[in-house]
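# Turn this into a structure:
(one chain, ligands or ions: 1)
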Amino acid sequence: MRDFLLDDAARRLRAEVGAFFARELAPRAAAIEADGGFPAVREAVRATGAAGYLSLLLGEHHRTEDTGVADPGLVHAAIVSEEAAALSYAFESTIATSLSCALPLRRHATAAVRAAHLGPLARGEALGAICITEPGVGSDSAGMATRIATDAGTGDLVVHGIKRYISNAGVAEVYIVYGISDTDVPAQRGMTAVVVPGDAPGLSFPRSYTMMGRRGCVVGEVALDGVRVPADHILGEPHAGFRVMVGMFNLERILLGGAGLGLARAAFDIAREHARSRHSFGAPLGAKQLIWERIAELSWRLDAAELLTYRAARAHDDGCEGKALMREAAMAKLVATQTAVACADAAVQILGGDGLTKDFSRAEQLYRDARAMPIVGGTSEMAKYVIASRDLPDLHLDL
Ligand SMILES: Cc1cc2nc3c(=O)[nH]c(=O)nc-3n(C[C@H](O)[C@H](O)[C@H](O)COP(=O)(O)OP(=O)(O)OC[C@H]3O[C@@H](n4cnc5c(N)ncnc54)[C@H](O)[C@@H]3O)c2cc1C
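From the prediction side, this is the model:
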C-alpha cells in the first residue's frame, strides 16, 4: 500500500532523500533538539540545499542532475517533508516555512525581486519567513492590524505592525509580510503582500519564544516600524494579497500533510516495536486485544493520511490551485496532523514509563513536537470550516 499514489521517479526520490537525511540530518538531530539548536538546523539546511532538495518547486533554480527528478512538483516536496519530519520536525518546519516563502516569490514577485532572493533560498544559503499572525489575530487573519501605505511622493510601501509566532523570525534573510492596504473594503480585496529583506531599516525581532516542541526551529516576533520597500516588492497586484495567501496556505498545508505523516510513521514504528518486544502478563503487549486494536487504528489512520496528502499534492501538480485546492489541502493537513498526534500519544502510552523519559526513546519528543501540528498553518477547526464550506455552499457559517 505504501507509495500507492507515487510513480517510479517519486519512489526513487524517496529512497534517495531518505538515505541523504540518514547521512546529513540524523547525526544532527540531537544537536537540533538541544538548547540553542538552530546552528545545527542551519547546517542541515545548507546541506539539503546543496543536494538540490530545496529547489524542487523553484523552476529554473532546480537542477535535474542534483536530484535526478526532471519534472519536480509538490509530490516530491511533500516526500522531502515526510522524510525530514520522521527525523526532525524542527528542521522540516524550518525548510517548509522557507519554501512557503519561496514559492509565492517565484509565482508573484517581479523579476528583480526573484533574482535577488530565489537562488539563495533554493540553495539553502538563505531562509524565508511568512508573517501573518499578530498579537490580536491568528485564525481570523482578515482582522489583522498591520497597515501597508503607499508614500505618495516616492511610491514606496511603508509597513507598520507587529507579527508573532513567526517561524524563522530573525534568522531568515527574506520575509513575506501581509498587511491591510485598503481599509474601506473587506480584507479579501484590501490586503497586500510585500517582500521585506531581512536587513530592511525598521525591521526588528523583539523576542523569540520557548516552544513546547519543534526545538531548534526559531519562532518569534517581528516588528515593522515604518519599514519601507520599493513598489516592485509587492507580490502580485496591490490589494490582492489574500489570493497570494490562499495559494501559500495550500502549499503549507500539503507540506504539513507530509510532515504529519513522517512524524506519525516515526512514532508508530516506536509503538509497534515496543508492542512486539515488551512482554506483560505472559505475552507480548501487542497480542493483548486493547493494544492490538490501538495498533490497527494507527495503521488505518496512517494510510488515510498518506492517501489524502499525496492526493492533494498530485492535484496541485496537475494544475489545481487557489480556492479549488483548499478543501483537499485542508483534509490532508487535518488528517495527517491528527494522525501524528494520535501516533505520538499512543507511542508514549504503549511505552509506559519509558515513553515519558528522554532516556529510552524519542516518544516524548515526538509527542511534544506533534502537538504543534494541529495549530500551525491554520488550526484543525479552521480546516474543518474549509472542508464543510464546500459541502454546504448555500450556508454561510457564522465563524
Ligand atoms: C510553532 C508555531 C509556528 C508558527 N509559525 C507561524 C508563521 O511562520 N507565520 C505565521 O504567520 N504564523 C505562525 N504561527 C501562528 C499560527 O498560524 C497560529 O497560531 C494559528 O493560526 C492559530 O492562531 P492563534 O494562535 O491566534 O489562535 P486563535 O485564532 O486565537 O484560536 C484559538 C483557538 O480557537 C479556535 N477558534 C478560533 N476561531 C474559531 C471559530 N470561529 N470557531 C471555532 N474555533 C475557533 C482555534 O482553532 C484555536 O483552537 C505559528 C504558530 C506556532 C504555534
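
# Give the helix, strand or coil label for residue 360.
Recorded secondary structure, residue 360: coil (DSSP: H, G, I helix; E, B strand; the rest coil).

# Could you give the number of residues near it?
Neighbour count for residue 360, taken as other Cβ atoms under 10 Å: 14. Bear in mind the C-beta positions are built from the backbone N, C-alpha and C, glycine included.

# Please tell me I have it right and it contacts residue 352.
No - counting by Cβ atoms under 8 Å, residue 360 stays clear of residue 352, with 10.1 Å between them.

# count of neighbours near the residue in the chain that the ligand sits nearest to?
Using Cβ to the nearest ligand atom, the closest approach of the chain to the ligand is made by residue 138 at 1.8 Å. A count of nearby residues for residue 138, using other Cβ under 10 Å, gives 17.

# residues in contact with it?
165, 379 (Cβ atoms under 8 Å, 6 or more residues apart in numbering).

# helix or strand for it, which one?
Assigned by DSSP states H and E, residue 138 belongs to neither a helix nor a strand.

# Give me the distance between it and residue 378.
For residue 138, the distance to residue 378 equals 9 Å [Cβ to Cβ, to the nearest Å].

# For stretch 145-154, give me every contacting residue.
For stretch 145-154, the external contacting residues (Cβ under 8 Å, 6+ apart) are 131, 134, 136-137, 156-163, 177-181, 183, 192, 194, 224, 228, 231, 238.

# now swap in stretch 350-367 and tell me
Taking Cβ under 8 Å, 6+ apart as the rule, stretch 350-367 contacts 33, 213, 263, 266-267, 270-271, 274-275, 285, 291, 294, 340, 343-345, 347-349.

# Keep only the residues you listed that also lie close to the ligand.
Among the contacts of stretch 350-367, no residue lies close to the ligand (Cβ under 6 Å from any ligand atom).

# Make a ChimeraX selection of whichever of those turn out to be buried.
Buried subset of these, written as a ChimeraX selection, criterion 16 or more other Cβ atoms under 10 Å:
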select :33,213,263,266,267,270,271,274,275,285,291,294,340,343,344,345,347,348
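
# what's the worst-scoring helix or strand of the chain on mean pLDDT packed up against?
Confidence across the helices and strands of the chain bottoms out at helix 64-67, with a mean of 88, counting by mean pLDDT, DSSP states H and E. The helices and strands touching helix 64-67, judged by 3 or more Cβ pairs under 8 Å, 6 or more residues apart in numbering; DSSP states H and E, number zero.

# tell me which parts of the stretch 151-300 of the chain are close to the ligand?
Residues of the stretch 151-300 of the chain lying near the ligand by Cβ under 6 Å from any ligand atom: 165-167, 211, 214, 219.

# now these as TSV including neighbour count?
Listed next are these as TSV, based on neighbours: other Cβ atoms under 10 Å:
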residue	neighbour count
165	19
166	25
167	27
211	19
214	27
219	21
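
# Between which two of those residues is the distance greatest?
Farthest apart among those by Cβ to Cβ are 166 and 214. That separation is 13.1 Å.

# can I get the CA coordinates of stretch 123-131 in PDB?
In PDB, the C-alpha atoms belonging to stretch 123-131 read as follows (Å, rounded to 0.1, in the frame of the first residue of the first chain):
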ATOM      1  CA  ARG A 123      20.500  26.600  -2.500                       C
ATOM      2  CA  GLY A 124      19.800  26.700   1.300                       C
ATOM      3  CA  GLU A 125      22.100  29.700   1.700                       C
ATOM      4  CA  ALA A 126      19.100  31.800   2.900                       C
ATOM      5  CA  LEU A 127      15.900  31.200   4.700                       C
ATOM      6  CA  GLY A 128      12.400  32.700   4.200                       C
ATOM      7  CA  ALA A 129       9.600  33.600   6.600                       C
ATOM      8  CA  ILE A 130       5.900  34.300   6.400                       C
ATOM      9  CA  CYS A 131       4.300  37.000   8.600                       C
END
